[in-house]
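Enquirer: Quick one: sequence and predicted model below, then my questions.
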Amino acid sequence: MAKAQQSSRRVSTPEDAVEALEIMYAAASSALRDAVEHYLTGGVPPSPEQRLAFRYPELRIGYHPEGLVPTSPRAYAKFSVPGAYTTTVTQPEAFRSYLIEQLRPLMSEFNAHVEVGLSAQEIPYPYVFDRGDELGRGGASAADLALHFPIPLLSEVGDEIADGLWDYDGERPRPLALFDAVRVDFSLRRLVHYTGTDWRAVQPWILLTNYHRYVDQFIRRGIQTLRTDASYEKLVLPGGVEFTSKTSDEEVEVIFRASPWQRFQMPAYHLTTKKGQGVSLVNIGVGPANAKNITDHLAVLRPHAWLMVGHCGGLRQSQRIGDYVLAHAYLREDGILDSVVPTEIPIPALAEIQVALQEAAASVTGDKGEALKRRLRTGTVVTYDDRNWELRWSKERRRINLSRAIAVDMESGTIAAQGFRFRVPYGTLLCVSDKPLHGEIKLPGAANAFYERAISEHLDIGITALDQLRVLHGTAHSRKLRSFDEPPFR
């Protein structure tokens, strides 16, 4: 790896910092892209001097108070201890609002000084090409390109900061953010691959579901919203398909049915606003592996919240098909995160999220008091990694009884644990679609009738909850998610 240049410049405002990052990133990515193009067309590799330009910009913050570090009720943009903090940055133009939101309190309230310069971290060459098919020209193979250009290295990508494995030795700067540039770029490309949409279309308020039928309702509601609310801009579908308020019902139906969502493992749909505060729906499919996979990558976008809205099996006799379950706790039997978030670590319910979901349920259903309690039950959700857990009921019944669980699914506990792990506010509202312990199983005819009746209302509750959280904005970020030596950026 090239040795970092130590030169950097001091900036006086958050806007100046982001502008400097944008200029440096544009120059570095352009230099790398031009060098690759030159190699593909003429076979001439870059010189060692040219390669020095292929590096991410870096934010460097110094905080050296004269007295004690002041406390702040805010859950982010604050310092745990004095010292130097750094992080590399990619795509600063796309992350502009986030960067300014984090820098402004650090500079105004803590009087931190901020510098911007080039880092020692090289930009892997695939990350400066949008599609990748540009790299097949000239007969050059990936192995050929790897001889002359920086490549993605797994040794450079990891979640040590988020997982508390980063070791501060007292000499090097502390991390400024949970994810550095190369980790972010790694996930941005994975998001495109799995969701079928440009990562820039992902909105900061996210719904995750385990049934494609929710997509139909999201499209219908999205079109209606575009026609009635001028703050919304477009609806983005997998494959680059876009709807606006002017798209007719006939066009919507034809284009939607032809959308290539089947090509993507976890297709995503984005109802965007002009201010970047819209809602995304991701159909993650079934299972904790998918749930972990997509949230690993969504986390680098630093969303304001993600909520699970899917189906579950009800475990109590008093529940009815179509009732709701608001998870207050999780019995995590998914196994997929045990090494980084051991099961003895509690995953707390977040008050702001719980209140928003309950109030949204009351608003959408029209139920209040005892009527709402009969339809909306709070309690523990069991998340399994085995869809056929029922086949070992004699083994599982005691653990379920001890947990007092009221519902079972395959994703919610994983999504909540990932939110806790990556400091993304999380919540779960499930709809009871069967009662496996009481002989009420999913039969095709009954299931279809249930789906038509319940999904629209359930999705409305999820979106209404996000609308309420959007009004709260910063307060949705809970201090419960921060460690005692947390990086300053959320």
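Expert: That came through, no problem. Numbering: from 1, shown residues only.
Enquirer: give the contact list for the closest residue to Leu237 other than its chain neighbours.
Expert: In this structure, Leu237 finds its nearest non-sequential neighbour in Ser259, 4.9 Å apart by CB to CB, 6 or more residues apart in numbering. To be clear about C-beta, it is placed using only N, CA and C from the backbone, and glycine gets the same treatment. Going by CB atoms under 8 Å, 6 or more residues apart in numbering, Ser259 touches Leu237, Pro238, Gly239, Val241.
Enquirer: What degree of burial does the closest residue to the second one other than its chain neighbours show, as a neighbour count?
Expert: Right, the one you point to is Pro238. Once flanking residues are discounted, Pro238 sits nearest to Gly196: 3.2 Å by CB to CB, 6+ apart. The number of residues packed near Gly196 is 23, by other CB atoms under 10 Å.
Enquirer: Over to Trp306. Which of the three states is it?
Expert: What DSSP: H, G, I helix; E, B strand; the rest coil gives for Trp306 is strand.
Enquirer: likewise Tyr25?
Expert: With three-state DSSP as the basis, the three-state label of Tyr25 is helix.
Enquirer: from what I can see it touches Pro57, true?
Expert: Yes: Tyr25 lies in contact with Pro57 (CB atoms under 8 Å); the separation is 5.3 Å.
Enquirer: Distance-wise, check the most centrally placed residue in the chain relative to Gln121.
Expert: Nearest to the mean C-alpha position of the chain, by CA atoms, centre = their mean, lies Leu298 at 2.6 Å. Noted for Leu298: a distance of 23 Å to Gln121, by CB to CB, to the nearest Å.
Enquirer: cool, Ser478 as well?
Expert: Ser478 sits 31 Å away from Gln121, going by CB to CB.
Enquirer: cool, and Arg55?
Expert: Per CB to CB, Arg55 is found 6 Å from Gln121.
Enquirer: element containing the nearest residue to Ala349 once chain neighbours are set aside?
Expert: In this structure, Ala349 finds its nearest non-sequential neighbour in His328, 4.8 Å apart by CB to CB, 6+ apart. Applying DSSP states H and E as the criterion places His328 in strand 324-333.
Enquirer: Now do the helix or strand following that strand, average pLDDT.
Expert: Counting by DSSP H and E, the next helix or strand C-terminal to strand 324-333 is helix 351-365. Averaged over helix 351-365, pLDDT sits at 96.
Enquirer: now what about stretch 153-160, what contacts it?
Expert: Identification of contacts with stretch 153-160 by CB under 8 Å, 6+ apart yields Gln121, Pro124, Trp166, Leu178, Phe179, Val182, Arg183, Phe186, Val340.
Enquirer: what do you get if the cut-off is 7 Å, keeping everything else the same?
Expert: Applying CB atoms under 7 Å, 6 or more residues apart in numbering, the contact partners of stretch 153-160 are Trp166, Val182, Arg183, Phe186.
Enquirer: The second one: helix or strand, and which one exactly?
Expert: It refers to Val182. helix 181-195.
Enquirer: Export only the CA atoms of the very next helix or strand once past that helix, formatted as CSV.
Expert: Reading on from helix 181-195 to the C-terminus, the next helix or strand found by DSSP H and E is strand 205-209. Presented in CSV, the C-alpha positions along strand 205-209 are these (Å, rounded to 0.1, in the frame of the first residue of the first chain):
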residue,chain,number,x,y,z
TRP,A,205,-36.7,4.9,6.7
ILE,A,206,-36.7,1.2,5.9
LEU,A,207,-39.4,-1.6,6.1
LEU,A,208,-38.2,-5.2,5.8
THR,A,209,-40.7,-7.9,5.0
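Enquirer: So what are the sheet partners of strand 205-209 and their directions?
Expert: Take DSSP bridges as the rule and strand 205-209 pairs in its sheet with strand 279-283 (parallel), strand 305-314 (parallel).
Enquirer: Redo these as JSON lines? Include mean pLDDT, distance to Pro65 and mean neighbour count.
Expert: Listed next are these as JSON lines, based on pLDDT from 0 to 100; distance: least, CB to CB, whole Å; neighbours: other CB atoms under 10 Å:
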{"stretch": "strand 279-283", "mean pLDDT": "98", "distance to Pro65": "39", "mean neighbour count": "25"}
{"stretch": "strand 305-314", "mean pLDDT": "96", "distance to Pro65": "32", "mean neighbour count": "26"}
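Enquirer: What distance do you get for Gly427 to Ala84?
Expert: Separation of Gly427 from Ala84 (CB to CB) stands at 36 Å.
Enquirer: Tell me which of these two has more neighbours.
Expert: Neighbour totals were compared for Gly427 and Ala84, and Gly427 leads with 27 against 14 (other CB under 10 Å).
Enquirer: For the strand or helix carrying the more buried one, enumerate the helices and strands it packs against.
Expert: According to DSSP H and E, Gly427 maps onto strand 426-434. Packed against strand 426-434 by the contact rule (3 or more CB pairs under 7 Å, 6 or more residues apart in numbering; DSSP states H and E) you find strand 305-314, strand 324-333, helix 351-365, strand 405-409, helix 412-422, helix 444-472.
Enquirer: What are the contacting residues of that strand?
Expert: Identification of contacts with strand 426-434 by CB under 7 Å, 6+ apart yields 305-314, 319, 321-327, 350, 353-354, 357, 381, 407, 409, 412, 415-416, 419, 440-442, 450, 454, 458, 461-462.
Enquirer: can you state the direction angle for it and strand 324-333?
Expert: Between the axes of strand 426-434 and strand 324-333, defined by axes from the mean of the first three to the mean of the last three CA atoms, to 10 degrees, the angle is 100 degrees.
Enquirer: Strand 426-434: partners in the sheet, and parallel or antiparallel?
Expert: strand 305-314 (parallel), strand 324-333 (antiparallel).
Enquirer: that older thread, looking at Ser478 and Gln121, which has the bigger crowd around it?
Expert: More neighbours surround Gln121 than the other of Ser478 and Gln121, with 22 against 18 (other CB under 10 Å).
Enquirer: My guess is the more buried one contacts Ala28. True?
Expert: No: checked against CB atoms under 7 Å, the pair Gln121 and Ala28 is beyond contact range at 10.4 Å.
Enquirer: so what sits against both of the two?
Expert: In contact with both Gln121 and Ala28: Arg55, Tyr56, using CB under 7 Å, 6+ apart.
Enquirer: how about the helices in the stretch 101-250 of the chain?
Expert: Listed in chain order, the helices of the stretch 101-250 of the chain (DSSP state H, counting those that start in this stretch) span 142-146, 181-195, 213-228, 249-258.
Enquirer: Tabulate the strands paired with strand 426-434 (a markdown table), appending distance to Gly42.
Expert: A markdown table is the format used below for the strands paired with strand 426-434 (distance: least, CB to CB, whole Å):
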| stretch | distance to Gly42 |
| --- | --- |
| strand 305-314 | 47 |
| strand 324-333 | 55 |
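Enquirer: contacts for the helix or strand harbouring His297?
Expert: Counting by DSSP H and E, the secondary-structure element that holds His297 is helix 288-298. By CB under 7 Å, 6+ apart, the residues outside helix 288-298 that reach it are 187, 190-191, 194, 202, 206, 266, 282, 284, 306, 334, 336-337, 383, 385, 410-411, 414-415, 418.
Enquirer: got the angle for that helix vs strand 324-333?
Expert: Put simply, helix 288-298 runs at 100 degrees to strand 324-333, going by the same axes, to 10 degrees.
Enquirer: now helix 288-298 against helix 181-195, angle please.
Expert: Going by the same axes, to 10 degrees, helix 288-298 makes 130 degrees with helix 181-195.
Enquirer: CA atoms of helix 288-298 as PDB?
Expert: Taking C-alpha atoms only, helix 288-298 is exported to PDB below (Å, rounded to 0.1, in the frame of the first residue of the first chain):
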ATOM      1  CA  PRO A 288     -32.000 -15.300   9.300                       C
ATOM      2  CA  ALA A 289     -29.200 -15.600   6.700                       C
ATOM      3  CA  ASN A 290     -31.000 -13.200   4.400                       C
ATOM      4  CA  ALA A 291     -31.900 -10.900   7.300                       C
ATOM      5  CA  LYS A 292     -28.200 -10.600   8.400                       C
ATOM      6  CA  ASN A 293     -27.000 -10.300   4.800                       C
ATOM      7  CA  ILE A 294     -29.100  -7.300   3.800                       C
ATOM      8  CA  THR A 295     -28.800  -5.500   7.100                       C
ATOM      9  CA  ASP A 296     -25.000  -5.900   7.000                       C
ATOM     10  CA  HIS A 297     -25.100  -3.700   3.900                       C
ATOM     11  CA  LEU A 298     -28.000  -1.400   4.700                       C
END
